[in-house]
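Quick one: sequence plus predicted model below, questions after.
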Amino acid sequence: MDPDRILTEFPAPSFRGAQEQALHDIRDAFATGNEVVLVRAPTGSGKSLLARSIMGGARTVEAADPRQATGAYYTTPQVSQLDDVAADELLEDLNVIRGKSNYACILPGEHDTPVNRAPCARQRGFDCSVKHRCPYFSDRAIASSRRFAAMTLAYFMQTAGSEVFGKRDVVVIDEAHGLAEWAEMYATIELSPDRVPVWEDVGVPDISGSEPRSDAGSNSDHGPLDRTARFVEQLRDVCERAKDDLVGRSELDAEEVARRDRLQELIGELGWFLEDYRDRESATTWVVDQPGGEGTTITIKPLDPARYLRHTVWDRGNRFALLSATILSKEAFCRGVGLDPDDVALVDVDHTFPLENRPLYDVTQGKMTYEHRDRTIPRIADLIVRLMAEHPHEKGLIHAHSYAIADRLVDRLGDLGVAPRLRRHTKVTRDDELETWKASDDPEVFVSVKMEEALDLRDDLCRWQVICKAPYLNTNDSRVARRLEEGQWAWYHRAALRTVIQACGRVVRAPDDAGATYLADDSILDLFDRARADVPPWFADQIRAMSTPDLPEVDPETALGGIEATPTTAPSTAETTPPSTREGGENRTDRTTGSNDVSDQNRSDTRSERDAKRRENHPLSDVWGDG
């Protein structure tokens, strides 16, 4: 790597904010011999441009000996972040490659077939006449041969050991704050009927039950982990035989291809677990769950998967830059990903957005812990109506934290009559509803779940948001429970603080942008106090400047003042109220649809539900896939 090239490789015509100083500091950190540099850059700092500059310092082919690594990787756990990179003209030399399932086969009759189910995957020895034009293999060839390759973290990890994507001189990981958690997720093994193709061919034991020792002289613990390992050995043998049978066939159908691929993937996962389990020097701690007992799903989860990261990440480059707004503790982060903090440099990038443009407001309504939720959710729903009245012409985002909370909020807001301004999503409709909301010109309010990261809601895409619950990790997760048993409360609070800070960055994306964040859960203020030592200075400024606003009263009509709608009848009332008495009379025109037939549409529906009904009743609904 040549650190001196970092500044000259900046891809934009000019620097903005603190970018130039940041690149000077990053250059100096690498120049002094650090192999890993953490770049703590606030939201809106232009991290992608910083990443491209750092990649520009990678050794070139012309300057390298034959065995030396050259070029650079860009990777991020967020698919949406990779999409943004692919669409950015300033980053056009970052050659993006995705997994096979994201590309369609171009052979005649196969245009709806993803490449991982194409004839080349179904037929042994298939000689594709258009492989040179195949979108997947074309992108892969370009990304593997050019100076810069960009991919998701999942694809990056999956290609560890690949001859196509070997070691490079520089690796840049964007949104790197959750690297340890992502690694734990990728290394988790779920053994269930849906994930194990040979489920019916094996007897799944009760791994938590007691069993007699097989021999008196054995030193084996015979605990849940040992029983799991013995079952995994048996399962792997069954998977090997089933895979060999499929591989030996000359042609497979699409279902058989999926079964073969999953068997191969599972064999690798099981082998990795067994290897790590048997390695007495491994730092990985494994926990296993089987709440249903014998014959039911087993989940094998790693804690602190430093060894997994060594193989999938740290062996893939010579120098690393890890970028994020929320690497809150250098020491804790390094320990979690298997790095020595003494060998890692930290570069802090100043926040250049005016404090008044990114205000926090204390509008807490009580605690959102489970035992207090019944009382607090109606209060938060009332608060949201007041905020809709405060921002009648501006889009808003509600961070509901969970689908259960989202459901209850939407129901309550429907009872309050403001459903026509709401949009929501399910796990299936998540991306579609988000894009529809962003594209809308109306001041819709989007009730979201787990959208605290990787959303760029610049300017009028969103001007205000509500965080309904302190985003603590689920203590029912065995990994979380294990850490808390070990007293890792600082880690627990850091994880929640990190999510809050990420959420606050969704609505303010540039120095001239502005957006308000309203905090509705008392526990968020408690979190700020508990995690005080890990709060970045620029966010501490926001906390100190936090105030309580004067808001309008709960008035559904004012809340809907920015759209062509009037307060709706609640769903429970609409079912029993004659059409002639609903919402002001039988002949009142529905200004949202232009229809004067109230019976053809329940105006207590959210916008998402109305859209779904319109598609379902449209003559082309079968084309849209809803019929």
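Everything's here; your move.

Which residue is the nearest non-sequential neighbour of the residue nearest the centre of the chain?
Nearest to the geometric centre of the chain sits Gln78, at 5.6 Å (CA atoms, centre = their mean). Closest residue to Gln78 apart from its sequence neighbours, by CB to CB, 6 or more residues apart in numbering: Ala454 at 3.8 Å. Placement of C-beta: from N, CA and C, glycine included.

sorry, back to before: where's the residue nearest to the centre of the chain relative to Asp456, distance?
The gap separating Gln78 from Asp456 is 11 Å, by CB to CB, to the nearest Å.

so where's the stretch 501-627 of the chain shaky on pLDDT?
569-603, 617-627 (pLDDT under 70).

Show me where it has its strands.
Taking DSSP state E, counting those that start in this stretch as the criterion, the stretch 501-627 of the chain carries its strands at 516-519.

phi, psi of the residue lying closest to Ser523 once chain neighbours are set aside?
Distances taken as CB to CB, 6+ apart place Ala470 nearest to Ser523, at 3.8 Å, with adjacent residues excluded. The phi/psi pair for Ala470 (degrees, to the nearest 10) reads phi -60, psi 120.

residues near Ala470, how many?
Ala470 has 24 neighbouring residues, counting by other CB atoms under 10 Å.

Then Asp512?
10.

State the distance from it to Thr352.
From Asp512 to Thr352 the distance is 11 Å (CB to CB).

same question, Glu92
Distance of Glu92 to Thr352, computed by CB to CB: 26 Å.

who has more neighbours, the two?
Taking neighbours as other CB under 10 Å, Glu92 and Thr352 compare with Thr352 leading, 15 against 11.

Give me the pLDDT for the more buried one.
As predicted, Thr352 sits at a pLDDT of 88.

Quick check: phi and psi on it?
Backbone torsions of Thr352, given as degrees, to the nearest 10, read phi -110, psi 10.

so it makes contact with Pro511?
Yes. Between Thr352 and Pro511 there is a contact under CB atoms under 8 Å: 5.8 Å.

Look up the residues that both of these two are in contact with.
With contacts taken as CB atoms under 8 Å, 6 or more residues apart in numbering, Thr352 and Pro511 have Gly17 as neighbours in common.

lowest confidence element among the helices and strands of the chain?
Least confident helix or strand, the chain: helix 571-574 with a mean of 41, by mean pLDDT, DSSP states H and E.

Run through the bridge partners of Gly317.
Arg168 (DSSP bridges).

That one touches Val170, doesn't it?
Yes. Counting by CB under 8 Å, Gly317 touches Val170, with 6.0 Å between them.

Among the two, which residue is more densely surrounded?
Neighbour totals were compared for Gly317 and Val170, and Val170 leads with 26 against 23 (other CB under 10 Å).

For the helix or strand that one falls within, which outside residues touch it?
Using DSSP states H and E, Val170 sits within strand 168-173. Contacts of strand 168-173 with the rest of the structure, by CB under 8 Å, 6+ apart, involve 1, 51, 54-55, 57-59, 68-76, 149, 153, 179, 313, 316-323.

If we use 6 Å, what do you get?
Residues outside strand 168-173 that contact it (CB atoms under 6 Å, 6 or more residues apart in numbering): 1, 51, 54-55, 58-59, 69-75, 316-322.

Could you do stretch 526-536 as well?
Residues contacting stretch 526-536 (CB under 6 Å, 6+ apart): Leu328, Ser329, Ala470, His493, Arg494, Ala496, Leu497, Ile543.

Just the closest of those to Pro378, please.
Ranked by distance to Pro378 (CB to CB), the contacts of stretch 526-536 are led by Ala470 at 18.6 Å.

Okay, now the unreliable bits of the stretch 101-250 of the chain?
Counting by pLDDT under 70, the stretch 101-250 of the chain shows low-confidence ranges at 209-222.

try it again with 90
The model of the stretch 101-250 of the chain has pLDDT under 90 over residues 109-112, 124-126, 129, 131-132, 161-163, 186, 207-224.

For it, just list every one of the helices.
Using DSSP state H, counting those that start in this stretch, the helices of the stretch 101-250 of the chain run over residues 119-122, 135-145, 153-158, 179-187, 224-247.

a markdown table for these, including distance to Ser45 and mean neighbour count?
Shown next, in a markdown table, are the helices of the stretch 101-250 of the chain (distance: least, CB to CB, whole Å; neighbours: other CB atoms under 10 Å):
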| stretch | distance to Ser45 | mean neighbour count |
| --- | --- | --- |
| helix 119-122 | 42 | 18 |
| helix 135-145 | 26 | 17 |
| helix 153-158 | 20 | 20 |
| helix 179-187 | 19 | 20 |
| helix 224-247 | 43 | 17 |
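
Looking at the ones you listed, which is nearest to Arg408?
Arg408 sits nearest to helix 179-187 of all those, at 27.3 Å, using CB to CB.

hang on, isn't Val257 packed against Ala121?
Yes. With contacts counted by CB atoms under 6 Å, Val257 reaches Ala121, the gap being 5.1 Å.

For the nearest residue to Gly561 once chain neighbours are set aside, give its distance to Glu251.
Using CB to CB, 6+ apart and skipping the chain neighbours, the partner closest in space to Gly561 is Pro392 (4.1 Å). Separation of Pro392 from Glu251 (CB to CB): 62 Å.

again, but for Ala325
51 Å.

out of those two, which sits in the busier spot?
Between Ala325 and Glu251, counted using other CB under 10 Å, Ala325 has the larger neighbour count: 26 against 12.

Pop out the phi and psi values for the more buried one.
The phi and psi values for Ala325, taken as degrees, to the nearest 10, are phi -80, psi -20.

What residues does it make contact with?
Taking CB under 6 Å, 6+ apart as the test, what Ala325 contacts is Pro42, Thr43.

that older thread, could the helices of the stretch 101-250 of the chain go into CSV alongside distance to Ala516?
What follows is the helices of the stretch 101-250 of the chain, written out as CSV (distance: least, CB to CB, whole Å):
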stretch, distance to Ala516
helix 119-122, 50
helix 135-145, 41
helix 153-158, 32
helix 179-187, 29
helix 224-247, 49
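
Of those, which is nearest Glu9?
Smallest distance to Glu9 across the helices of the stretch 101-250 of the chain (CB to CB): 18.8 Å, for helix 135-145.

what residues does the closest one touch?
Asn95, Ile97, Lys100, Tyr103, Val115, Lys131, Ala149, Val164, Phe165.

Lovely, talk soon.
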